[in-house]
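Asks: Got a predicted structure here, sequence first:
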Protein chains: 2
Amino acid sequence: METLTNLLSHKTIRNYKSDPIPDEALDKILEAGFRASTTGNMQVYSVIVSKDAERRKELCKLHFGQKMVEQAPVLLTFCADFNRFNKWCRQREAEPGYDNFLSFFTAAIDALLVAQNAAVAAEDFGLGICYLGTTTYQADKLVEFFNLPRGVVPITTLVVGYPDEDPEQADRLPASGLVHQETYHDYTAGAIDEIYREKESLPLTAKLIEENQLDNLAQIFAYKRYTKKDNLHFSRVFLDVLKDQGFME
Amino acid sequence: METLTNLLSHKTIRNYKSDPIPDEALDKILEAGFRASTTGNMQVYSVIVSKDAERRKELCKLHFGQKMVEQAPVLLTFCADFNRFNKWCRQREAEPGYDNFLSFFTAAIDALLVAQNAAVAAEDFGLGICYLGTTTYQADKLVEFFNLPRGVVPITTLVVGYPDEDPEQADRLPASGLVHQETYHDYTAGAIDEIYREKESLPLTAKLIEENQLDNLAQIFAYKRYTKKDNLHFSRVFLDVLKDQGFME
C-alpha cells in the first residue's frame, strides 16, 4: 500500500530548489498523467511545459507574483483542448460538434484528471508540487502568452520541483463532514459548528485573525481571500475566454 | 516507484463482481481523496456514497442503463459544494460571494482532484474503477435524486468494485502529440495524421467502422458517440443546473 501511503502524505510545497528535473523523470510523470481516464478515450487536453527561466519570470508575473513560479524548474499548464480533435475530425470529413459548454467541461475534466495523476507521479519521484488557482483568473492572459488557438483553454497549472522546505501537513475537515450516505443530508447549524471546530481552533487561524483584524476565519475568506468582487470579475474573464475560444456556441 | 507503476498500469473496468468493499478500505480511499490539493484549503466538495441496491438500480437508469452501475457495490458521486462553506460563512457573519461561475469552477476543480486521488487509492486496494461522463448529462436528475441543495452540483461519478474482467490497456495518443514545449505549437495536417495513425490502425477501430458503417473513426465520434445535437442539449441541461443551483448570479 505504498501508493495509499503516498496519497495520504501529500503536502503542498511553496519553496523550491532550482535543481532541474531530469527529462526521463518528467517524461514518466507526463506518461502517468496520460494514463488517467478520459471521456471516450478522446484525450481532449494538452500540457504546456515551461522550463525557460525568462518565460517562467513572465509567468510568475501573470500568476500574481507567486515566487515559487519563478523558483521551481518546471511549470505544467494543463489545458482543455478540442483543437487537435477538431482538426482531426475535419481532416476525416467529420464535422465536429464540440463548440459548446458541455464539450468544454468534458475537456476540463480530462485535463484535471491528467493533472492529478501527474501530481501524484511527481511526488513519487521525490518532487514537490503546488497547484495555481490563478490559472483560471488569468486565463485571458495565458491564452495570449501560450498562443492558444480556438478550442484550447488553460485549466490549471502545477509547479513542480525539488522541495526546499518540509512543512506540516495542512489541516482537513473531518471526513464525516464531507461524505453523505445515499443522499445529501443538509447541514444543521450544530453540524457546521462541529465540522469547522478544529480548523477554527488552530494556532494558524488565531494568527490570521490577528493579522487581518477580523472577527473570524470565515470573514477572512469572504472579505480578504476570495471576495465577491474578485469572484465576479474573474467569472467574467473566464466566461469571456470560453466564448472567445469557441466553447459557447 | 510502486506508485508510478500503479499509475501506468491503470485500466478502466466495466465488469464487476458484486462483492462488497470493506468499510475500512472505503474510508481510506475517501481519506486519500480528501488529501488532494484544494483551493485555499476550502474543500468545497462533497461525496455521496451509494451502496443500497435499490438506489443503485435507479442510478443505473439515470446513467443511461450502463450495467456496471448496478453491478458494482459502490458508486461515488463527487459534487462541487459551496453549500457547506456558505452556511459556515453566514453563521460567522461573513457574507459569502460564491454564487458565480468562477466559484463553481473552483469547486469543480476541487471535486475532480479528490475523485482522481480516490480512483488511484481504490486501485491500490485491488479495486477497479470507471468514471461516468453521464453525470453532467444527467445533472438535473441527479440533483433531484440526491436532493442536492443550492450551491451543490454533481461533477463526476466513480464506479468502484472488484474487477470481473482483465481487459487490455486502452490505447493512448503518443505523448509527443499532447505536450507542447514553452508555447502551443499548432498542429499541421501531417502532424494530425501522425498523432492519430496508431489509433486509426487498431483492429478495434476497423471493427467499429464496420459496425457503424461509416468511413472512419472520427466520423464515429462526431456522428454517433458525441454528436453536436446531444452536446448542445446537454450543454443547456448543465448550464441550467448551474443557474438553478445558484452559480450564475
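Replies: Now that the structure is in, tell me what you want to look at.

Asks: average model confidence for the helix ranked longest in chain A?
Replies: In chain A, taking DSSP state H as the definition, the longest helix is helix A:101-124. Average pLDDT, helix A:101-124: 98.

Asks: which element follows it toward the C-terminus?
Replies: strand A:128-132 (DSSP states H and E).

Asks: Check which helices and strands the following helix or strand past that following strand sits against.
Replies: The first helix or strand that comes after strand A:128-132 along the chain, using DSSP H and E, is helix A:134-137. Counting contacts by 3 or more CB pairs under 8 Å, 6 or more residues apart in numbering or on different chains; DSSP states H and E, helix A:134-137 packs against strand A:152-161, helix A:228-244, helix B:101-124. Backbone N, C-alpha and C define where each C-beta goes, glycine included.

Asks: Need the CA coordinates for the helix or strand harbouring residue A:192. CSV is fine.
Replies: Assessed by DSSP H and E, residue A:192 sits inside helix A:189-200. The C-alpha coordinates for helix A:189-200 follow below in CSV (Å, rounded to 0.1, in the frame of the first residue of the first chain):
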residue,chain,number,x,y,z
ALA,A,189,-26.1,24.9,12.4
GLY,A,190,-24.7,22.4,15.0
ALA,A,191,-23.2,20.3,12.3
ILE,A,192,-21.5,23.3,10.8
ASP,A,193,-20.0,24.3,14.1
GLU,A,194,-18.8,20.7,14.7
ILE,A,195,-17.2,20.4,11.2
TYR,A,196,-15.3,23.7,11.4
ARG,A,197,-14.4,23.5,15.1
GLU,A,198,-10.9,22.0,14.7
LYS,A,199,-10.0,24.4,11.8
GLU,A,200,-11.2,27.4,13.8
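
Asks: chain center to it: distance?
Replies: 27 Å (CA atoms, centre = their mean, to the nearest Å).

Asks: Identify each buried residue in it, please.
Replies: Within helix A:189-200, the residues that count as buried by 16 or more other CB atoms under 10 Å in any protein chain shown are A:192, A:195, A:196, A:199, A:200.

Asks: what's across from the most centrally placed residue in chain A in the sheet?
Replies: Central residue of chain A (CA atoms, centre = their mean): residue A:156, 3.8 Å from the mean position. When bridges are called by DSSP bridges, residue A:156 pairs up with residue A:78.

Asks: what about it, distance to residue B:238?
Replies: Applying CB to CB, to the nearest Å, the value for residue A:156 to residue B:238 is 20 Å.

Asks: List the residues that contact residue A:241.
Replies: Residues counted as contacts of residue A:241 (CB atoms under 8 Å, 6 or more residues apart in numbering or on different chains) are A:139, A:140, A:143, A:153.

Asks: same thing but 6 Å
Replies: A:139, A:140, A:153 (CB atoms under 6 Å, 6 or more residues apart in numbering or on different chains).

Asks: What is the burial count for the spatially closest residue to it that is not a sequence neighbour?
Replies: Closest residue to residue A:241 apart from its sequence neighbours, by CB to CB, 6 or more residues apart in numbering or on different chains: residue A:139 at 4.3 Å. Residues lying near residue A:139 (other CB atoms under 10 Å in any protein chain shown) number 24.
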